[in-house]
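> What shape does this take:
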Amino acid sequence: MAVWPAFVFAGTVGSVVLSLGENTAKQPKEAVRKLKRKSDIFERDQIETGQKGRLQLKFSDGSRLSLRPLTAFTVEEYRFSQEQPQKGHSFYRLLRGGMRTITGAISSADPDHYEVRTPIATIGVRGTHYDLFYCDLSCSQRGQGEQGLHGYVLEGAVVVKQDERITEVAAGEFFFIGGKRISVSKAPLTKYQGRLNLHSVPLVQPAVPALNIQQSSPSQGQRTPQTGSPAPNNNLNIYPGLNNPIQSRPDGDNLRR
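This is a model prediction of the structure:
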């Protein structure tokens, strides 16, 4: 069994930076906890945001995560030590809803130690800034978006892997996975993505090698992964010029320090 230095397995893995509306967390077989600013986040927490809920989290490795309304997100496994970040790992699950994240020291030290799992794809990063939204059947029936996995890459690249086929999604591009269909474009592919209005936002986060997404179904077409990207920038406000973007933008996903 691996020994994880200076880390308590059941300890705090992060905290709430901002909580708007009704947001909760729950450990298996324990009572639901209401989340507010500075609330602790633990490994195995299942986090849910309410109909008008928005939540921003900061994890101990410096990564940041923003959750949209009606999102269910689980911290499945999390280990991190400042002394040995290469031995850490963070595995999350997006059950439904939307998130935006900037990755931290765990993925920087070893990209294979970070994953976000969804019902139809698994995402592994190389230290990047991206937006993800999984719309299930009930979400689609409510008119929130088309059923499937919607994504947008603000920095770095995304590699969508389906069996032996690989499709790269570069910074500034949208992607959509609906069943067996994968589409990539510089313009929004769905009505949901059109409402995000992210394609005109300047890229402000560190560029990184490709981010891997694995899916079992076959796809049409293949693009060769590319390398090279802009210089790092640690500014987390992706809407420059707004003093309080979380209240000023309708999507409210700006990640705060």
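> What segments of the stretch 1-150 of the chain are strands?
For the stretch 1-150 of the chain, the strands defined by DSSP state E, counting those that start in this stretch cover 12-20, 23-26, 32-34, 40-42, 46-49, 54-59, 64-67, 72-79, 89-102, 114-117, 122-124, 129-135, 148-155.
> could you check the distance from Gly148 over to Thr24?
Counting by C-beta to C-beta, to the nearest Å, the gap from Gly148 to Thr24 is 26 Å. Any C-beta I mention is one placed from the backbone N, CA and C, and that applies to glycine too.
> These two: who's more crowded?
Gly148 (25 against 19; other C-beta atoms under 10 Å).
> Neighbours of the residue lying closest to that one once chain neighbours are set aside, how many?
Leaving aside its chain neighbours, Gly148 sits nearest to Gly178 (3.2 Å; criterion: C-beta to C-beta, 6 or more residues apart in numbering). Neighbour count for Gly178, taken as other C-beta under 10 Å: 17.
> picking up where we left off before, could you dump the strands of the stretch 1-150 of the chain to JSON lines with mean pLDDT and distance to Gln193?
JSON lines is the format used below for those (pLDDT from 0 to 100; distance: least, C-beta to C-beta, whole Å):
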{"stretch": "strand 12-20", "mean pLDDT": "96", "distance to Gln193": "23"}
{"stretch": "strand 23-26", "mean pLDDT": "98", "distance to Gln193": "25"}
{"stretch": "strand 32-34", "mean pLDDT": "97", "distance to Gln193": "32"}
{"stretch": "strand 40-42", "mean pLDDT": "97", "distance to Gln193": "28"}
{"stretch": "strand 46-49", "mean pLDDT": "98", "distance to Gln193": "20"}
{"stretch": "strand 54-59", "mean pLDDT": "97", "distance to Gln193": "19"}
{"stretch": "strand 64-67", "mean pLDDT": "96", "distance to Gln193": "17"}
{"stretch": "strand 72-79", "mean pLDDT": "96", "distance to Gln193": "20"}
{"stretch": "strand 89-102", "mean pLDDT": "94", "distance to Gln193": "11"}
{"stretch": "strand 114-117", "mean pLDDT": "88", "distance to Gln193": "18"}
{"stretch": "strand 122-124", "mean pLDDT": "80", "distance to Gln193": "17"}
{"stretch": "strand 129-135", "mean pLDDT": "92", "distance to Gln193": "8"}
{"stretch": "strand 148-155", "mean pLDDT": "90", "distance to Gln193": "6"}
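> got these as a markdown table, with distance to Val169 columns?
As requested, these are arranged in a markdown table below (distance: least, C-beta to C-beta, whole Å):
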| stretch | distance to Val169 |
| --- | --- |
| strand 12-20 | 27 |
| strand 23-26 | 30 |
| strand 32-34 | 36 |
| strand 40-42 | 29 |
| strand 46-49 | 26 |
| strand 54-59 | 24 |
| strand 64-67 | 20 |
| strand 72-79 | 22 |
| strand 89-102 | 16 |
| strand 114-117 | 15 |
| strand 122-124 | 11 |
| strand 129-135 | 9 |
| strand 148-155 | 6 |
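> Name the spans of the stretch 101-250 of the chain whose pLDDT lies under the cut-off.
For the stretch 101-250 of the chain, the stretches with pLDDT under 70 are 126-127, 161-166, 197-250.
> how about the helices in it?
For the stretch 101-250 of the chain, the helices defined by DSSP state H, counting those that start in this stretch cover 105-109, 137-141, 191-196, 245-248.
> can you list those helices in a markdown table and add mean neighbour count and distance to Asp61?
A markdown table is the format used below for those (neighbours: other C-beta atoms under 10 Å; distance: least, C-beta to C-beta, whole Å):
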| stretch | mean neighbour count | distance to Asp61 |
| --- | --- | --- |
| helix 105-109 | 22 | 4 |
| helix 137-141 | 13 | 30 |
| helix 191-196 | 17 | 27 |
| helix 245-248 | 15 | 22 |
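> Of all those helices, which one is nearest Ser90?
Ranking the helices of the stretch 101-250 of the chain by proximity to Ser90 (C-beta to C-beta) places helix 105-109 first, at 5.0 Å.
> For the residue nearest to Gly148, give the beta-bridge partners.
Partner residues in beta bridges with Gly178, using DSSP bridges, are Arg181.
> Much appreciated, bye for now.
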